[in-house]
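S.K.: sequence and predicted model, in that order:
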Amino acid sequence: MEIILLQDVSNLGNKDEIVKVKNGYARNYLIPNGMAITATESSKKILAENTKQRAHKEAKIKADAELVAKKMEGLKLTIGAKTSSTGKIFGSVNTIQIAEALSEKGFDIDRKVISLKEEQIKEVGTYTAEIKLHREVKVAIEFEVISE
């Protein structure tokens, strides 16, 4: 029996794939649990149309992310932190401060897409953060931590 998967199923396939399985597996497990639908001619046409539309939307989202990445290239941020006389930061610099510094520059970036190469930043200096704008578009931002 041919079915269209509605979600990823381990050892079987990914979402929106057409796969062949035994009749009992499809009728007793996959279809009742909402993991698949039968692959009729009409459902195959709907799948093809949805895939085409999704590809168009994904291309637009990726193009927007690339445009933002071009604007961000070469951007250098300065983050102020309270420090001791030896240059150690009280606390640490995290993605929240980087997101706030980016919003001051005009970029509305969620802190969850920012990743730091260092685990914790506890000293004054220059560091690099990676921002994942899209699953295929990443940009590295240099930022400097200075003493306030």
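M.R.: Yep, it's here.
S.K.: using the record's assignment, carve the chain into domains.
M.R.: What automatic domain parsing lists as the domains of the chain is 2-67, 69-147.
S.K.: how much space between Glu144 and Ala129?
M.R.: 11 Å (CB to CB, to the nearest Å). The way it works is simple: take the backbone N, C-alpha and C, and place the C-beta from them, glycine included.
S.K.: check Ile114 too.
M.R.: On the measure of CB to CB, Ile114 and Ala129 end up 6 Å apart.
S.K.: re earlier: ok, Glu144 and Ala129, which is more surrounded?
M.R.: Using other CB atoms under 10 Å, the more surrounded residue of Glu144 and Ala129 is Ala129, with 22 against 13.
S.K.: which residues touch the more buried one?
M.R.: Taking CB atoms under 8 Å, 6 or more residues apart in numbering, we find Ala129 in contact with 95, 98, 114-117, 140-141, 143.
S.K.: for the residue of the chain positioned farthest from its centre, phi and psi?
M.R.: Most distant residue from the mean C-alpha position of the chain: Ser85, 39.0 Å away (CA atoms, centre = their mean). For Ser85, the backbone dihedrals (degrees, to the nearest 10) come out as phi -70, psi -20.
S.K.: read off the pLDDT value for it.
M.R.: Here the pLDDT value assigned to Ser85 is 84.
S.K.: distance check, it against Glu144.
M.R.: Distance from Ser85 to Glu144, by CB to CB: 19 Å.
S.K.: please point out which parts of the strand or helix carrying Ile89 sit buried.
M.R.: If you go by DSSP states H and E, Ile89 is part of strand 88-93. Neighbour counts over strand 88-93 (16 or more other CB atoms under 10 Å) mark 89, 93 as buried.
S.K.: report the distance from that strand to the chain centre.
M.R.: 28 Å (CA atoms, centre = their mean, to the nearest Å).
S.K.: how about stretch 49-62?
M.R.: On CA atoms, centre = their mean, the centre of stretch 49-62 falls 17 Å from that of its chain.
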